[in-house]
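Peer 1: sequence first, predicted coordinates after that:
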Amino acid sequence: MKDALVIIPTYNERENVEAMVRKVMSLPHPFELLIIDDGSPDGTADIVRHLQLEFPGRLHLETRQGKLGLGTAYIHGFKYALRHGYEYIFEMDCDFSHNPDDLLRLYDACSNEGYDVAIGSRYVQGVNVVNWPMSRVLMSWFASWYVRLVTGMPIHDTTAGFKCYRRKVLETIPLDEIRFIGYAFQIEMKFLSYKYGFKIKEVPIIFTDRTKGTSKMTKGIFKEAVLGVIRMKLSSYFRHFDRY
């Protein structure tokens, strides 16, 4: 069994990807890294291929044709991780909004404290967000409040995209039945982890908005999350969850 794989989807991240790879590779724990690039026209994948020569066996690359969505990228990565026998599987962004140093804290929560899912949470201890305008902070905070209200999940940061899963979580959740492809994917994965009875911990982090590159957030993605949560909750009443 292999240990830990960090999955990072990319699209036009040439300004960040080399620095991110080098930072993850420099951590005291020997994380492996899988970049899933959706055909970035800016040459992101070429940078990763060059770095693979420097980090053989630890830096992996999967390329896809076209921008196919965040959720499908992570599911692609999850299936890769399961096929290759990793025990701890991480999600994180490439733009340094998630501090790579916090990978160690998420890993500790699952490997040493016995949790099945560890969430890098912006809201478990107040609001820990840097460089966001107040309007976006409020939108994000109220989105999480809304999701908690509809779903009943006892999770403060329901839309967080910085997480660690134990292998058994991804083996239990039917990945081919995940409905959402945008940021609502993050909500759906937490909801299913909760419904299947896995132990979840929120690890407080400081989220810093990207300083390089372009945000991928759109109104359509936000709308998918708002409307999709209601459909997701309603459909759960007609679904059986074998508690782990």
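Peer 2: Thanks, I have it.

Peer 1: counting by contacts, list what the longest strand along the chain packs against.
Peer 2: For the chain, the longest strand by residue count, based on DSSP state E, is strand 2-10. Helices and strands touching strand 2-10, by 3 or more CB pairs under 8 Å, 6 or more residues apart in numbering; DSSP states H and E, are helix 17-26, strand 32-37, helix 70-83, strand 86-91. Yep, even glycine has a C-beta here, placed from its N, CA and C like the rest.

Peer 1: got the contact list for it?
Peer 2: 17, 20, 24, 29-38, 40, 44-45, 70, 73-74, 77-78, 80-81, 84-94, 103, 107 (CB atoms under 8 Å, 6 or more residues apart in numbering).

Peer 1: redo the helices and strands packed on strand 2-10 as JSON lines? Include mean neighbour count, mean pLDDT and distance to residue 130.
Peer 2: Shown next, in JSON lines, are the helices and strands packed on strand 2-10 (neighbours: other CB atoms under 10 Å; pLDDT from 0 to 100; distance: least, CB to CB, whole Å):
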{"stretch": "helix 17-26", "mean neighbour count": "17", "mean pLDDT": "98", "distance to residue 130": "18"}
{"stretch": "strand 32-37", "mean neighbour count": "24", "mean pLDDT": "98", "distance to residue 130": "24"}
{"stretch": "helix 70-83", "mean neighbour count": "20", "mean pLDDT": "96", "distance to residue 130": "22"}
{"stretch": "strand 86-91", "mean neighbour count": "23", "mean pLDDT": "98", "distance to residue 130": "20"}
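
Peer 1: could you dump the ones you listed to JSON lines with distance to residue 52?
Peer 2: Listed next are those as JSON lines, based on distance: least, CB to CB, whole Å:
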{"stretch": "helix 17-26", "distance to residue 52": "9"}
{"stretch": "strand 32-37", "distance to residue 52": "9"}
{"stretch": "helix 70-83", "distance to residue 52": "15"}
{"stretch": "strand 86-91", "distance to residue 52": "18"}
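
Peer 1: out of those, flag the one nearest residue 149.
Peer 2: The closest approach between residue 149 and any of the helices and strands packed on strand 2-10, judged by CB to CB, belongs to helix 70-83 at 22.8 Å.

Peer 1: quick one, what contacts residue 226?
Peer 2: Counted by CB under 8 Å, 6+ apart, residue 226 has contacts 143, 146.

Peer 1: so it is in which element?
Peer 2: helix 219-236 (DSSP states H and E).

Peer 1: so who does the residue lying closest to residue 185 once chain neighbours are set aside touch?
Peer 2: What sits nearest to residue 185 in space, not counting adjacent residues and going by CB to CB, 6 or more residues apart in numbering, is residue 71, at 3.2 Å. By CB under 8 Å, 6+ apart, the contact set of residue 71 is 178, 180-182, 184-185, 188.

Peer 1: pick out the most distant pair among these.
Peer 2: Farthest pair in the contacts of residue 71, by CB to CB: 178 and 182, 11.6 Å.

Peer 1: thinking again about what came up before, so how far is the longest strand of the chain from its chain's centroid?
Peer 2: Centre-to-centre, strand 2-10 and its host chain are 10 Å apart (CA atoms, centre = their mean, to the nearest Å).

Peer 1: okay, now the unreliable bits of the protein?
Peer 2: By pLDDT under 70, the low-scoring segments of the chain are 210-225, 244.
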